[in-house]
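A.B. asks: Here you go, sequence then predicted model.
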Amino acid sequence: MFSLLGVPPQVLFGQLLLGLINGSFYALLSLGLAVIFGMLNVINFAHGALYMVGAFVAWLLLTYAGVGYWGALVVAPVVVGLLGIALEKTMLSRLYKLDHLYGLLLTFGLALILEGAFRHQYGVSGQPYPIPDALKGGQNLGFMFLPNYRAWVVVASLTICFGTWFAIERTKLGAYLRAATENPTLVQAFGINVPVMVSLTYGFGVALAGLAGVLAAPIYQVSPLMGTNLIIIVFAVVVIGGMGSILGAIVTGLGLGLLEGLTKVFYPEASNIVVFVVMAIVLLIKPAGLFGRER
Amino acid sequence: MSVASNSSTVAMRGHTRSTGTILIAAALLLIAVAAPFVLYPVFLMKVLCFALFACAFNLLIGYAGLLSFGHAAFFGGAAYIAAHTVKVWGWAPEFGLIAATAVAGAMGLVFGLIAIRRQGIYFAMITLALSQMVFFLALQLPFTHGEDGIQGVPRGTLFGLFDLGQPLTMYYTVLAIFVGGFALIWRTVHSPFGQVLKAIRENEPRAVSLGYRTDRYKLVAFVLSASLAGLAGGTKALVFQLASLTDVTWQMSGEVVLMTLLGGMGTLFGPVVGAGLVVTLESYLASTSLPVPVVIGCIFVVCVLVFRRGIVGELLARLPRRGH
């Protein structure tokens, strides 16, 4: 039995895989945050709560409507996206002319409401969500056992992340979006309906969170508290990566997930705080974040 | 001539205004002194602790324009320090409180040095992340006893003279601490230092171009605010004889934001009013089946959407302006 740095390879790779999965979720969520921030200048505190709502929609669909995982993968993001558009239209849109901090405070209130309501209804204990049949089992890679579902989560979220990056950086729609971020008035003068685009952007950003929620449901349990604890780590990820770049958000998310996994192997006591420590160090060395531009 | 008369009206206005404020403050103080004979002292002490906490927070958001989303770290962290020094090390309560305040101030220095490197929304996210780190530390460090917290903290004898086990003695001690903290904040806000903070809030680049080292000012304000939040947290630990994880959670950071927002950001009395309302509301809700976070969240949303000046801010805006 060989070992790496005094650690059995199963443990090391197992934790690295776990880190990669956590990192995929960090990447998906910080990507949504970055897209929303770019367009609306709002830090969406409700992102974690909407991720939780996505997971709950999947669970409710399965429990009460018999709709399985693959159906939920489509329906839950749509539901969360529509909810997001409704919230944007009725509330967030009133705050654009004010200090950005009000957007944060409003979405903080929304997060409390969503989390509190689900907690009131379903309690704090998690609801189990089964892995879909097609993805049960796993592969033996020789040095470790790779469950199929976990591999699917990593592949799916990477695909979504790079798809989003491509859509924003390389397509015409993305060009409109980036232009409207720079100068909404001018883009509107060219005949593009910017308010609708803003609503759709918010809807898309939170739909990503909803999708992440469905992906997470079989791995972590579906619980009302799953979102908010995650979102604070994602905030740190966003600060580390800098909000300027989509690719930066993805890379930072994955990297920090892996780092967290490694910390679990070598110094488990610090695994909860390693992301925050990295954030502090990055801020001291490069305040704009690794991929950010100073504004 | 016109300049002279102008300045004299300004002086007079300032004079009547400060007399009015002093009268109001004296009336409030009288009410506070008489209150424990009418209301439950522990409830009042809770209000006072949170009021001081909210006032400390308001010093940052209301006067320096910095939204800290991590003030629970100072409040709850200091509560642990006070509880540990008094219970385990057997310190007198006054030294426990001094230690709590000092540690909170030191934490504020570290947080501040890191967080003031970014502005606005990033500042809020960084303070939130750092305070979450403190939460995890409080969960894992041995001296905080994890989920149990530090229980059964003795209140002790203040200065070796006053037995804080007596509810009224404890109450007047808390009141004195609150008044002291409030006076310090009042003094800070009305000092040249406070004016510079306001200038930074209104237009930081301009303050920089006028030659102020704004980072220094922000850092001092942050440390001051953190220390006072710590004093409030330490006092709360003595009152409830308990330091627990609840006080370091991000929900607690959000609660102090709400108190300040509801009462009125940037007004001296706003946070006090907000703290009183939120604490009252929570103790009322505790006896009903309504979920507290949902109600708190709804108030948050309503405040942000239609009531941004808060109660005291709204009152001040409606008062007839003198001298125009």
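C.D. replies: Arrived safely, thanks for sending.
A.B. asks: from here on, contacts and neighbour counts on C-alpha atoms
C.D. replies: Noted.
A.B. asks: Am I right that A:Leu146 sits in a strand?
C.D. replies: Yes. Counting by DSSP: H, G, I helix; E, B strand; the rest coil, A:Leu146 falls inside a strand.
A.B. asks: Contacts only, for it.
C.D. replies: A:138-140 (C-alpha atoms under 8 Å, 6 or more residues apart in numbering or on different chains).
A.B. asks: wait, which of those is closest to chain B?
C.D. replies: A:Gly138 (33.7 Å; C-alpha to the nearest C-alpha).
A.B. asks: of all the contacts of A:Leu146, which comes closest to B:Gly96?
C.D. replies: A:Gly138 (56.4 Å; C-alpha to C-alpha).
A.B. asks: from memory B:Val273 sits against B:Gly263, does it?
C.D. replies: Yes. At 5.3 Å, B:Val273 counts as touching B:Gly263 under the criterion of C-alpha atoms under 8 Å.
A.B. asks: ok, these two, which is more surrounded?
C.D. replies: Between B:Val273 and B:Gly263, B:Gly263 has the larger neighbour count (other C-alpha atoms under 10 Å in any protein chain shown), namely 30 against 21.
A.B. asks: what about B:Arg206, how many neighbours?
C.D. replies: Count around B:Arg206 with other C-alpha under 10 Å applied: 12.
A.B. asks: Who are the contact partners of it?
C.D. replies: So, once contact is read as C-alpha under 8 Å, 6+ apart, B:Arg206 ends up touching B:Ile200.
A.B. asks: Any regions of the chain where pLDDT drops low?
C.D. replies: Here I'm looking at chain A. Residues of chain A meeting the criterion pLDDT under 70: A:1-5, A:244, A:293-295.
A.B. asks: think we crossed wires, I meant chain B
C.D. replies: Residues of chain B that meet the criterion pLDDT under 70 lie in B:1-18, B:320-324.
A.B. asks: again, only this time at 50
C.D. replies: Scanning chain B for pLDDT under 50 picks out B:1-14, B:323-324.
A.B. asks: Just the strands from it, written as ranges.
C.D. replies: Assigned by DSSP state E, chain B shows strands spanning B:150-151, B:157-158, B:162-163, B:242-243.
A.B. asks: Just send those back as a markdown table, with mean neighbour count and distance to A:Phe190 too.
C.D. replies: Output for the strands of chain B, formatted as a markdown table (neighbours: other C-alpha atoms under 10 Å in any protein chain shown; distance: least, C-alpha to C-alpha, whole Å):
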| stretch | mean neighbour count | distance to A:Phe190 |
| --- | --- | --- |
| strand B:150-151 | 20 | 63 |
| strand B:157-158 | 16 | 72 |
| strand B:162-163 | 14 | 75 |
| strand B:242-243 | 26 | 59 |
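A.B. asks: Redo these as JSON lines? Include distance to A:Ile232.
C.D. replies: Conversion of those to JSON lines gives the following (distance: least, C-alpha to C-alpha, whole Å):
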{"stretch": "strand B:150-151", "distance to A:Ile232": "26"}
{"stretch": "strand B:157-158", "distance to A:Ile232": "40"}
{"stretch": "strand B:162-163", "distance to A:Ile232": "43"}
{"stretch": "strand B:242-243", "distance to A:Ile232": "23"}
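A.B. asks: SS state for A:Gln139?
C.D. replies: Per three-state DSSP, A:Gln139 ends up strand.
A.B. asks: and the stretch 1-150 of chain B, which of its residues are near chain A?
C.D. replies: B:67, B:114-115, B:117-118, B:120-122, B:125-126, B:128-130, B:132-133, B:136, B:140 (C-alpha under 8 Å from any C-alpha of the partner chain).
A.B. asks: Next step: those residues restricted to helices.
C.D. replies: Members of the residues of the stretch 1-150 of chain B next to chain A lying in helices (criterion: DSSP state H): B:114-115, B:120-122, B:125-126, B:128-130, B:132-133, B:136, B:140.
A.B. asks: now for those residues, which pair is the farthest apart?
C.D. replies: B:Gly120 and B:Gln140, at 31.1 Å, using C-alpha to C-alpha across these.
A.B. asks: Between the contacts of A:Leu146, identify the one with the most neighbours.
C.D. replies: Most surrounded of the contacts of A:Leu146: other C-alpha under 10 Å gives A:Gly138, at 13 neighbours.
A.B. asks: what's stretch B:280-296 in contact with?
C.D. replies: A:109, A:112-117, A:120.
A.B. asks: returning to that earlier point: in ChimeraX, select just the buried ones from the residues of the stretch 1-150 of chain B next to chain A.
C.D. replies: Entered in ChimeraX, the line below selects the buried ones among the residues of the stretch 1-150 of chain B next to chain A, by 16 or more other C-alpha atoms under 10 Å in any protein chain shown:
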select /B:67,114,115,117,118,121,122,125,126,128,129,130,132,133,136,140
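A.B. asks: can you redo the contacts of A:Leu146 as TSV with distance to A:Gly203?
C.D. replies: Below are the contacts of A:Leu146 laid out as TSV (distance: C-alpha to C-alpha, whole Å):
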residue	distance to A:Gly203
A:Gly138	35
A:Gln139	37
A:Asn140	40
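A.B. asks: between these, which is nearest B:Gly313?
C.D. replies: A:Gly138 (61.3 Å).
A.B. asks: Now residue 113. Nearest residue, chain neighbours left out?
C.D. replies: You didn't say which chain, so I picked chain A. In space, and not counting its chain neighbours, A:Ile113 is closest to B:Val294: 4.2 Å by C-alpha to C-alpha, 6 or more residues apart in numbering or on different chains.
A.B. asks: other chain: chain B
C.D. replies: B:Leu113 sits nearest to B:Leu219 (C-alpha to C-alpha, 6+ apart), 6.9 Å away.
A.B. asks: ok now do that neighbour, which residues does it touch?
C.D. replies: B:109, B:112-113, B:116.
A.B. asks: can you tell me which of the residues you listed lies nearest to A:Ser24?
C.D. replies: For the contacts of B:Leu219, the nearest to A:Ser24 is B:Ile116 (29.8 Å; C-alpha to C-alpha).
A.B. asks: Distance of the closest one relative to B:Pro192?
C.D. replies: As judged by C-alpha to C-alpha, to the nearest Å, B:Ile116 and B:Pro192 stand 21 Å apart.
A.B. asks: and those two? which has more neighbours close in?
C.D. replies: Counted by other C-alpha under 10 Å, B:Ile116 and B:Pro192 do not tie: B:Ile116 has more neighbours, with 22 against 11.
A.B. asks: returning to what we had before: tell me which of the strands of chain B sits nearest to A:Gln188.
C.D. replies: Nearest of those (C-alpha to C-alpha): strand B:242-243, 54.8 Å.
A.B. asks: What is that closest one packed up against?
C.D. replies: Judged by 3 or more C-alpha pairs under 8 Å, 6 or more residues apart in numbering or on different chains; DSSP states H and E, strand B:242-243 is in contact with helix B:72-87, strand B:150-151.
A.B. asks: Adjacent strands (with direction) for it?
C.D. replies: Strand pairing for strand B:242-243, using DSSP bridges, gives strand B:150-151 (antiparallel).
A.B. asks: just how off-centre is the strand it pairs with within its chain?
C.D. replies: 23 Å (C-alpha atoms, centre = their mean, to the nearest Å).
A.B. asks: Near chain B, list only the ones from the contacts of A:Leu146.
C.D. replies: Counting by C-alpha under 8 Å from any C-alpha, no member of the contacts of A:Leu146 is near chain B.
A.B. asks: Just give me the closest of the residues you listed to A:Val67.
C.D. replies: A:Gly138 (24.3 Å).
A.B. asks: Could you count how many residues lie near the closest residue to that closest one other than its chain neighbours?
C.D. replies: Take A:Gly138 and drop its neighbours on the chain: the residue closest to it by C-alpha to C-alpha, 6+ apart is A:Pro147, 3.9 Å away. For A:Pro147, the neighbour count with other C-alpha under 10 Å is 15.
A.B. asks: ok, now A:Ser245?
C.D. replies: 19.
A.B. asks: looking at it, it is touching A:Gly292, isn't it?
C.D. replies: Yes. Using C-alpha under 8 Å, A:Ser245 makes contact with A:Gly292 at a distance of 6.7 Å.
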